[in-house]
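[1] generate a structure from the sequence data that follows.
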Amino acid sequence: MSYFVETMSSLDVICEKIHDAHGPRWERGGICVACVAEMMDRPDVSAVRKRAALVSVMRVDAARELLYCEEQRRTHFISSLLKTLFSAVDSSLLDQTVQVLVQVTLDVPNQALLLFILDQTHSRWSDGERASLSSLMFLGKLLDAHPALSQTLTSSRLCVLECVCSALLVSDEDVKAAVCYVMFRIWSSSAAVQTLPDTLRQRMCVLLLHTLSHTHTTALTVNCLGVVKQMCQYSDVVCVLMNLKDGGEDPLLYQPLPLILKKLLLSAQDSLQVVSVRCVCAVLIHAPLHFSSSFIQADLPEFLLEVMSGGCSDVLLWSVFSCLLLLSEDPLFFSQCHAVYGVEPLIRSLKETLGKSNTEVQKKGLELLTVILDRQPAAVRLFPTASEFSAVCDVIVEGVASSCLQVSMCAVRAAAVLLRPNHQSSPVQLADVRRIVEVVMSKLTEQHHKHSRESSSGSKSVTAGVLLQTLTCFDAACRLVEACVCDSSLKDGVCSSQETLESVCVFLLHCCDAACIPAVTGVCERVSSPQVLQLFLSALSCQFSLCPDHMTSFSRKLAASGFIRLTLESKAQLCSGNRNSSLNQICCDFLLKLCMSLISQEHTCTSELQDVERVLQESLPSLSCCTSDWLSVLSDFPQSLRNTQHCLIYLLHLSVLHGDRFLSDSAVFSALLRFVSCVQDLPASVLSSVLYLLSVTQHAGPRLDTVCVSVLSRALSSCPRLFSRSLPLSVLSFIFLYPELSERFGAPALAGRLSEETQEQELLELINTHPAALLATLAVACDGESAASRSAVAVLQCFLRSSDSLSFSGTSDLCDQIRSVLLGVLQRHTHTDGLSVLLDVSSVIHSSAQREHTDFRLLYHVSNLAGKLDSSDSELLLSVVNFLYCFLSVCPSHATDRAVSLLLGNVRLMELLEEVLSASSSSSSSLLCSCLLLLSSLTLLQHKHSAQVHRSVSVDLHQIIRRLAFSKRHTDTLLIKCSVRFMQVCLDVDTSALLCVCDAALQRPLTSTDGALHPIGHSGAMSLMTALSALMLMTQDLMVSAALNCLGSLMGFLHRRSADTAQHMVCQPWMRFLLFSLLSCDQRLRPAALQLLTQLVCFSGSVSHWTTELESVCEETEKQGATNLTDDSTHTLRRMLTQCCALSPPDDLRMRMEAIQESLRHLPPSESSSRHMLRVGRVSVCLSDFTVSPQDL
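    Numbering: from 1, shown residues only. Model (predicted):
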């Protein structure tokens, strides 16, 4: 066609001289404007030429300007075009005419011109010409080009609009479609609608319903519905449409709008269904409760559900979801069970939709599911079976897991409503509940980690929104499980095949700990949201009833993480001035549960717990001050504030106890001192909290003066109930820090703790830090047979077993006090379990005190106690014997004669020693060791002072030798050492009036050798020598020293009794091997090796036999250097060199030894450790009895 028009233009068809006034002034761009205008009026010109002329003139701007320059010619041209519009039949010419007319109105923006066109059009329609399709199409396009013309039609040119509406009554559906388009443009202008008369509005409504009721084409139906949808933007028009009913005064037949739309839903055409559903939505959006009943009564929801279940496009599905959302606002929707019947197709449709990519449809469907779940009456269950509940859970889980956050949050909202108890199937499907919570918490964690790396305000708002939705769901899950725990009907119906109620409770606690707490604290650090906090604290509160067995550790973790402070600060910030009352209630409920859980771990007294709970319940709701203002509240002293102050002290105590110190220690210390000074008669629980806070903040303040200590003492005296509980270690330390407090309250405070729990290590630290605590522990231990005394005994036993007991440095006063306690117990003749440990402690303290005087009263009473015992009283007897041995070991030399005489006069003590030693196989190893050590000390001191013996002790030395020679592997190491020590003493004293040595093992009659070596005989001497040689090869220094000392005593014994035997012993090859082994051990000079070499040189009477060994010692000493030797080695080496030089060694050796002596001369003498005690199990050992000692040879 374009080629044909170009051909016509190139020929001079258009420019035929048909106009009399044709001249050059009418020609522009090769086109005669006059000819074109004249041509439009001539009926003999073909439609093709007219169209070609119009196309040509529209292409040349100059020609159009020439055409418009005169109003008369322009008006004539428009009239000609309108005439053509109404008379022409050629469609291409009509289209071109419409195009030119619209272009003219755009080129000449003149309101009068538009009115002229409207008037001409109306006159044509009024003269009997019907409203043709072309004229209606022209009017529609004219309204498109000039939107303001709509208002003109509804105000000053209503006649035109009435003619347009009348065209809906013609049979041509194309004309009707064109009318609908014009009407659509009218209703698209709010200004035009405002000026539209009511009668015409109603007329339009009737005509549209009539047209919709009798239409046969899809195009007309769609156009009509488009107008209806546009009209439904106005509520008054909606009322007209919905209230029109067939059979009224209007002669036109039509159906009600709900019925029309319902019929359209039944059509198989997707486009009609979409438009009809949107029309329903357009009606309902104004007043769902007013109009929805008409659609529901017309069974529209049933048809919508049928459309949804039949499979449809995303556009239609979105429209159906939207329409059902509006219908669900009417309770009639649920009372007629549309939700019950529709939830299953909805779930199927959602499952298909979630597998696609259209997120808008997914969001709308999940929103519909949420509304149905939310508004469904509780009496009618939507998911009576487990399979139905699992199906909806599958959809929600898939929705929450969506990559689109908006879809995911819609699914989370649906999950929150689904988890209500009234939606649960019977039995409750805990596995499905857990699945939902797992995916929701996973989404929360994902968003928390994602947005924690972003700092923009948008990301913060998104995080807060996600948090709010997920917490709503989590809180609903917690409340559901809580209902299962508390409600017997739900609890009995819980499905336990896969998940137990307890396991789900623990899972919820884990989610709360691992997901909710980090996310909420992260958001609340930036901004506090009342809604978020309310949901979060509600979920936390539920945990206390869900998992009571786990609340001990969980509540401690919450307190350590600052949740007491967080809740109180949020409460002060958001709830002051009666704001957010529901949040305030949740905060109080959570704080009460948290605090009572924590306090119940500290206090066990029911009445005190009830008092604390009452104070918290009364004070928490009105507590709205910031934490920074707490100290000022404590500084006020009106009676009306008392409960509030007590509440603050409880909260501060719990916070500090678990590491959340939000106030300075110095300020807290000062404020509490003032509070205690001004407030009297504090409850035990409050005073306990005050004491704890003072004890942990003491370091930040000055040491208490006498006045403050007196105030505290008065407060403690007024509350004896305080000491019936287990006080914290810091409080005990605080009490023992001040002598005035420790004297009065140390023992009761310690007894309270020992009566409930025994943590030996903590109390050992207390004893080592505060020696006065040892005295208090002893007092508790000796106080009857209570649980506290038994615990005190256990602590003291642990103290005695520890290495700290030997390094314990108590003051002289403390030692005197401990002795006084022991003396008092002995004088009262109360033999409790504590007496044994008291004796042991006294032994340790007495041994470490290094006193220059002796308390013989104490020795006398302990000796008398021993006289009252039986050998079967092994525990107490061990402590008594151990005490006596320690007493003798540390007794000053000037008092040993008196001490040994006192003990030797105790005949029963001697009998006990004999009984224990004679029954060594049945006696305990520790008791046997102590008896051997005590008898050794008594024997030496009796021999030294020639003390009178009232009763001798029978001893079988051959049994001891056999133990050393043949039973070493089966004998306790300490017993071996003590046996060696006893043999050494027996050999040193030769004969003693105290010892009655049994010689039954010797042959009768005695040989000369056995007689000379009586009471051990030759075989006994050989066996003992062999045993001692083996013991000296052991790695324990104390064992080697003891064996070496005994060997020296044995050599001296042999030298005194039989010099030949002694010489023979010294020259045996094993002696040289033994010496070689000791010298070679560890490549260092051991004191034992040096002492053995000294003994061998001295007993052989010559250096010649031991020159090689002496040279080796000199070489090693020169190699190591004298200054690098230990004190013991230096001391022993100095003595060896002195004795060897006195035996005329070879000159070269003598010179080397003298040079070494000269290098040793400037070294300081070694410190003596003669009184140092070693605690081995329950046995105290004096080290001087077992260290290498010089022999007087």
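[2] shaky segments in the stretch 51-200 of the chain?
    Counting by pLDDT under 70, the stretch 51-200 of the chain has low-confidence residues at 56, 59-71, 128-130.
[3] let's see it at 90
    Applying pLDDT under 90 to the stretch 51-200 of the chain picks out residues 51-176, 182, 187-196, 198-200.
[4] where exactly do the helices run in it?
    Assigned by DSSP state H, counting those that start in this stretch, the stretch 51-200 of the chain shows helices spanning 61-68, 71-87, 91-107, 111-126, 133-145, 149-155, 158-166, 173-187, 190-194, 198-214.
[5] save those helices as TSV, and put in distance to S1129 too.
    To be clear about C-beta, it is placed using only N, CA and C from the backbone, and glycine gets the same treatment. Below are the helices of the stretch 51-200 of the chain laid out as TSV (distance: least, Cβ to Cβ, whole Å):
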stretch	distance to S1129
helix 61-68	125
helix 71-87	134
helix 91-107	122
helix 111-126	127
helix 133-145	118
helix 149-155	120
helix 158-166	128
helix 173-187	117
helix 190-194	113
helix 198-214	121
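[6] among the ones you listed, which comes closest to F1053?
    F1053 lies closest, by Cβ to Cβ, to one member of these: helix 190-194, at 131.8 Å.
[7] in terms of secondary structure, what does that closest one contact?
    helix 149-155, helix 173-187 (3 or more Cβ pairs under 8 Å, 6 or more residues apart in numbering; DSSP states H and E).
[8] list of residues touching the shortest one?
    Under the contact criterion Cβ atoms under 8 Å, 6 or more residues apart in numbering, helix 149-155 has outside partners 114-115, 118, 142-143, 160-161, 185-186, 188-189, 191-193, 195-197, 200.
[9] who touches the most centrally placed residue in the chain in this structure?
    In the chain, the centroid-proximal residue (Cα atoms, centre = their mean) is D513; its distance is 4.6 Å. Neighbour list for D513: F554, K557 [criterion: Cβ under 8 Å, 6+ apart].
[10] wait, which of the helices of the stretch 51-200 of the chain is closest to A401?
    Per Cβ to Cβ, nearest to A401 of those: helix 173-187, 43.4 Å.
[11] measure how that closest one sits relative to helix 198-214, angle-wise.
    Here the directions of helix 173-187 and helix 198-214 differ by 140 degrees (axes from the mean of the first three to the mean of the last three Cα atoms, to 10 degrees).
[12] which positions in helix 173-187 come out as buried?
    Applying a neighbour-count criterion of 16 or more other Cβ atoms under 10 Å, one finds 173, 175-187 buried in helix 173-187.
[13] for the helices and strands packed on helix 190-194, give me JSON lines that also has distance to L917.
    JSON lines is the format used below for those (distance: least, Cβ to Cβ, whole Å):
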{"stretch": "helix 149-155", "distance to L917": "129"}
{"stretch": "helix 173-187", "distance to L917": "124"}
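[14] count residues in the vicinity of S1049, would you?
    The number of residues packed near S1049 is 21, by other Cβ atoms under 10 Å.
[15] ok, it touching D990?
    No - S1049 is beyond contact range of D990, at 10.2 Å (criterion: Cβ atoms under 8 Å).
[16] top helix in the chain by residue count?
    Counting by DSSP state H, the longest helix found in the chain is helix 457-486.
[17] output the contacting helices and strands for that helix.
    helix 405-418, helix 430-452, helix 488-492, helix 501-511, helix 517-524, helix 530-546.
[18] please identify the most buried of those helices.
    helix 405-418 (a mean of 24; mean count of other Cβ atoms under 10 Å).
[19] okay, the angle between it and helix 457-486?
    Using the same axes, to 10 degrees: helix 405-418 against helix 457-486 is 20 degrees.
[20] between the helices and strands packed on helix 457-486, which one is closest to Q827.
    Minimum separation from Q827 across these (Cβ to Cβ) falls at helix 530-546, 55.2 Å.
[21] list the contacts of the closest one.
    464, 467-468, 471-472, 474-475, 478-479, 481-482, 485-486, 505, 508-509, 512, 516, 520, 523-524, 551, 554-555, 558, 563, 567, 570, 574, 580, 582-583, 586-587, 589-590, 593-594, 597.
[22] repeat for stretch 857-866
    Contacting residues not belonging to stretch 857-866 are listed as 819, 822-823, 826-827, 831, 839, 842, 876-877, 880-881, 883-884, 887, 899, 902-903, 906, 908-909, 912 [Cβ under 8 Å, 6+ apart].
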